[in-house]
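Colleague: Quick one, structure for this:
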Amino acid sequence: MGMATDRKVQTLDITIPNDLGACQALVVELAKIVQEQKEQLAEQQLEINELLRRAFQRRSERYLANPEQMLLDFGETPEAGDAADGLADATEELLHVPGYTRHRRVQRPARNEQLPAHLPRREVPVQVPADVRTCPTHGQRQVIGYDVSETLMFERPQLWVAVRKYPKYACTGMPSCGVQGPDRPPSLVEGNRYDTSVAAEIITAKSGYHLPIYRQQDLFAGCGWTPSRGTLLNIAAAAGALLPPFIAYLRAQVLASGYLGTDDTAVTLLLPEMLPAVPAGDAKAQRIYDVFAQARAAGKKSITARMWAYRSLTVPLNVFDFTVSHHRDGPDQFLVDSQFQGKLIADCYTGYQGITLRSEARIARAACNAHARRKVFEARDNHPLLAGQMLGLYRELYDIEDRGRSLSADERLALRQTEARDVWDRLQALLASPAAVGLLPKEKMTEALAYVRNHWEALRLYLNDPLLPIDNNDVEQLMKQVAIGRKNWLFIGSVPAGERAADFLTLVSSALRNDLDVYAYLKAVLDALLVGSTDYAALRPDVWAQGHPEAIRIYRKEERRDRADAKSRRRERRRLHGTNSN
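Modeller: Presented below is the predicted three-dimensional model:
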């Protein structure tokens with residue numbers, strides 16, 4: 001035994017002192033080292049678990065309220081999803097819960113697979129072989145009817161040139177009268193060479209379908225016109241020059257709505273060759289100059305700029321804003337300097353946290369519960385029981401919101417006050433429990449719970465306002481419109497280009513939010529602005545849609561409704577099973 005101990009001590013390169021006090025001090029020191037190693041191993045294990053989750057697990061954040069109950073993995077295929085729904089329906093029919101009314105699935109009418117009747121038809125002759133037309137015994141056969149088949153065909157869009165002849169009038173023999181002619185309509189570019197329809201297509205392809213300019217070259221070339229990239233950019237810039245007054249109107253409408261959600265994402269901005277001039281008193285221009293000067297001093301060729309989205313919760317409009325940095329100047333200039341007054345829901349970025357104070361309490365900030373829940377979900381591996389309890393409570397909160405979605409504002413507020421407050425009280429008790437308080441300081445779960453504690457009031461602000469959502473997910477979805485485009489066009493070339501991109505995204509995103517044909521809406525806006533119209537209220541996408549029902553994508557409304565119904569049915573089944581198990 002002594003030899004083994006000697007070998008261990010020799011391996012650790014530790015000399016054991018003969019003094020008892022020194023031995024005790026050594027034991028204390030070794031205990032500290034062991035504890036530090038345990039904490040380090042715990043952190044490394046969390047990192048390993050996170051990497052494994054990102055590499056191999058699905059991205060959806062599904063979790064059960066009972067952490068001891070296991071999941072049945074049906075896979076990701078549509079057939080497996082149908083099997084899962086069928087099994088859940090069969091289980092639901094076997095369960096009987098007193099006082100529970102099961103809502104049967106609404107039978108949707110069978111989808112009409114016939115080709116649309118409004119599409120033009122062209123009869124294509126069918127070549128009939130001679131041996132089919134003629135019988136070897138009786139000669140020529142008679143036609144007794146037809147089997148009609150219809151095949152959808154596709155032709156590339158066709159470009160065409162509008163030729164207008166403007167007559168010139170003069171008095172015969174009277175040159176002093178001069179030459180008279182009709183007024184020419186305003187043009188998008190000099191010489192009226194390109195119509196607004198071309199600009200609308202470029203903007204729709206760039207900001208709606210995320211096609212960079214060089215890919216649009218190929219599309220136009222397939223239609224018979226091969227423009228340079230500079231030509232396409234100049235047409236888009238000419239269209240963008242018409243938009244600022246209308247964008248300012250939409251921005252004012254969003255700010256006046258009183259309820260906003262916001263988020264931002266990164267975009268790469270190329271540095272200019274020359275630093276921009278700074279007009280006296282222009283804080284935004286000064287911020288741009290400072291950021292560019294600092295990047296140039298560091299030898300950089302580009303910087304990480306930001307694209308911000310502001311989504312009104314009461315008016316169907318989205319407004320984007322472009323800044324050269326992630327500084328709080330962005331939301332401060334958009335919200336505080338614009339005298340916005342109302343409720344703002346956002347993540348807990350430090351630029352938002354002090355906005356209530358900076359706005360002199362005109363702005364009340366609500367925090368996003370999806371962020372808080374996600375932090376707990378990502379830290380669940382090392383503390384599955386605690387995580388299961390937290391996620392179970394969050395699931396109850398989201399089930400309450402699902403039930404309140406179809407209610408009036410007053411009914412939703414009453415539901416939150418009577419049911420959601422009780423869940424929050426249980427959540428608060430869990431945060432004060434020994435299991436939650438006794439975590440190691442550097443653990444991921446400790447950070448997740450601290451996030452909830454630090455933003456407790458902001459996370460609960462929605463309880464007292466039925467117009468506030470429980471989370472900011474709808475705004476976060478807007479960031480996908482930027483992120484997908486960013487993977488295609490890669491960078492923004494200048495500050496004016498970034499501001500123009502924000503204007504284009506404002507129009508495209510707002511049109512999509514109202515289920516509009518983006519191209520049709522953009523062309524209508526450009527046509528109206530080109531002739532000097534200032535009736536911006538009529539051009540607001542939700543108002544414009546009322547007069548142009550043919551431009552509304554009805555199938556988008558139906559798809560959204562079907563997804564919401566399916567999600568509600570899944571939550572209803574979970575509530576049923578949870579009630580039965582209790």
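
Colleague: centroid residue for the protein?
Modeller: Centroid-nearest residue in the chain: residue 477, 1.6 Å away (criterion: Cα atoms, centre = their mean).

Colleague: Can I take it that that residue is in a helix?
Modeller: Yes - secondary structure of residue 477 (DSSP: H, G, I helix; E, B strand; the rest coil): part of a helix.

Colleague: Can you name the residues that contact it?
Modeller: Listed by Cβ atoms under 8 Å, 6 or more residues apart in numbering, the contact set of residue 477 is empty. C-betas here are computed from N, CA, C, even on glycine.

Colleague: try 10 Å this time
Modeller: Counting by Cβ atoms under 10 Å, 6 or more residues apart in numbering, residue 477 touches 263, 309, 311.

Colleague: thought the first one was touching residue 348?
Modeller: No - in this structure, residue 263 sits apart from residue 348 without contact. The criterion is Cβ atoms under 10 Å, and the distance is 11.7 Å.

Colleague: Which one's more surrounded, those two?
Modeller: Counted by other Cβ atoms under 10 Å, residue 263 and residue 348 do not tie: residue 263 has more neighbours, with 23 against 16.

Colleague: starting at the chain centroid, how far to stretch 436-452?
Modeller: Offset of stretch 436-452 from its chain centre (Cα atoms, centre = their mean, to the nearest Å): 29 Å.

Colleague: buried stuff in that stretch?
Modeller: 436, 439, 443-446, 448-449, 451-452 (16 or more other Cβ atoms under 10 Å).

Colleague: if you look at the residues you listed, which of them are in strands?
Modeller: If you go by DSSP state E, the buried residues of stretch 436-452 have nothing in strands.

Colleague: so where's the protein shaky on pLDDT?
Modeller: 1-14, 53-54, 56-112, 577-582 (pLDDT under 70).

Colleague: Strands of this structure, residue ranges please.
Modeller: Using DSSP E, strands in the chain cover 134-135, 139-140, 169-170, 179-180, 259-270, 302-312, 318-323, 342-346, 363-367.

Colleague: Make TSV from the ones you listed and add distance to residue 576 to it.
Modeller: TSV is the format used below for those (distance: least, Cβ to Cβ, whole Å):
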stretch	distance to residue 576
strand 134-135	69
strand 139-140	71
strand 169-170	81
strand 179-180	81
strand 259-270	32
strand 302-312	34
strand 318-323	37
strand 342-346	31
strand 363-367	31
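
Colleague: Out of those strands, which one sits most buried?
Modeller: Highest mean neighbour count of the strands of the chain: strand 318-323, a mean of 25 (counted as mean count of other Cβ atoms under 10 Å).

Colleague: which non-adjacent residue is nearest residue 333?
Modeller: residue 284 (6.4 Å; Cβ to Cβ, 6 or more residues apart in numbering).

Colleague: again, but for residue 523
Modeller: Nearest residue to residue 523, sequence neighbours excluded (Cβ to Cβ, 6+ apart): residue 200, at 4.1 Å.

Colleague: Next, count neighbours for that neighbour.
Modeller: Number of residues near residue 200 (other Cβ under 10 Å) recorded here: 22.

Colleague: my guess is residue 567 meets residue 402, correct?
Modeller: Yes - with contact defined as Cβ under 10 Å, residue 567 reaches residue 402; the gap is 7.4 Å.

Colleague: which of these two has more neighbours?
Modeller: Using other Cβ under 10 Å, the more surrounded residue of residue 567 and residue 402 is residue 402, with 17 against 12.

Colleague: contacting residues around that one?
Modeller: When contacts are counted by Cβ under 10 Å, 6+ apart, residue 402 touches 564, 567-568, 570-572, 574-575.

Colleague: Would you state the helices of the stretch 201-350 of the chain in chain order?
Modeller: Under the criterion DSSP state H, counting those that start in this stretch, the stretch 201-350 of the chain contains helices at 213-222, 229-240, 244-256, 283-297, 329-331, 350-353.

Colleague: Surely residue 360 and residue 354 touch.
Modeller: No - if you go by Cβ under 10 Å, residue 360 and residue 354 don't touch, sitting 11.8 Å apart.

Colleague: So these two - more neighbours on which side?
Modeller: Neighbours per residue (other Cβ under 10 Å) separate residue 360 from residue 354, with residue 354 holding more: 12 against 9.

Colleague: Nearest spatial neighbour of the more buried one, chain-adjacent residues omitted?
Modeller: residue 328 (7.8 Å).

Colleague: How about the contacts made by the one you found?
Modeller: 336, 349-355, 358.

Colleague: And it, how far from residue 247?
Modeller: Per Cβ to Cβ, to the nearest Å, residue 328 is found 22 Å from residue 247.

Colleague: again with residue 198
Modeller: Counting by Cβ to Cβ, the gap from residue 198 to residue 247 is 21 Å.

Colleague: Could you do residue 327 as well?
Modeller: For residue 327, the distance to residue 247 equals 22 Å [Cβ to Cβ].

Colleague: Who has more neighbours out of those two?
Modeller: Just comparing residue 327 and residue 247: by other Cβ under 10 Å the higher neighbour count belongs to residue 247, 20 against 15.

Colleague: My guess is that one contacts residue 320. True?
Modeller: Yes - between residue 247 and residue 320 a contact is recorded at 9.2 Å, counting by Cβ under 10 Å.

Colleague: so what's in contact with these two at the same time?
Modeller: The contact sets of residue 247 and residue 320 overlap at 499, 502-504, 506-507 (Cβ under 10 Å, 6+ apart).

Colleague: follow-up on the earlier one: of the strands of the chain, which is nearest residue 45?
Modeller: Closest to residue 45 of the strands of the chain is strand 363-367 (Cβ to Cβ; 29.1 Å).

Colleague: Run through the neighbouring helices and strands of that closest one.
Modeller: Helices and strands touching strand 363-367, by 3 or more Cβ pairs under 10 Å, 6 or more residues apart in numbering; DSSP states H and E, are strand 259-270, strand 342-346, helix 350-353, helix 355-358, helix 444-454, helix 456-460.

Colleague: got JSON lines for the ones you listed, with distance to residue 416 too?
Modeller: JSON lines is the format used below for the helices and strands packed on strand 363-367 (distance: least, Cβ to Cβ, whole Å):
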{"stretch": "strand 259-270", "distance to residue 416": "16"}
{"stretch": "strand 342-346", "distance to residue 416": "15"}
{"stretch": "helix 350-353", "distance to residue 416": "23"}
{"stretch": "helix 355-358", "distance to residue 416": "22"}
{"stretch": "helix 444-454", "distance to residue 416": "18"}
{"stretch": "helix 456-460", "distance to residue 416": "10"}
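
Colleague: out of the ones you listed, nearest to residue 241?
Modeller: It is, among the helices and strands packed on strand 363-367 and with distance given as Cβ to Cβ, strand 259-270, at 20.4 Å.

Colleague: CA atoms only: put that closest one into CSV for me.
Modeller: Extracted in CSV, the C-alpha atoms of strand 259-270 (Å, rounded to 0.1, in the frame of the first residue of the first chain):
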residue,chain,number,x,y,z
TYR,A,259,-46.4,48.6,-30.6
LEU,A,260,-43.1,47.4,-32.2
GLY,A,261,-40.9,44.4,-32.4
THR,A,262,-37.3,44.7,-33.5
ASP,A,263,-34.3,42.6,-34.3
ASP,A,264,-31.1,43.0,-36.3
THR,A,265,-28.5,41.0,-38.2
ALA,A,266,-25.1,41.5,-39.6
VAL,A,267,-24.2,42.4,-43.2
THR,A,268,-20.8,43.0,-44.8
LEU,A,269,-20.1,46.5,-46.0
LEU,A,270,-17.1,47.4,-48.2
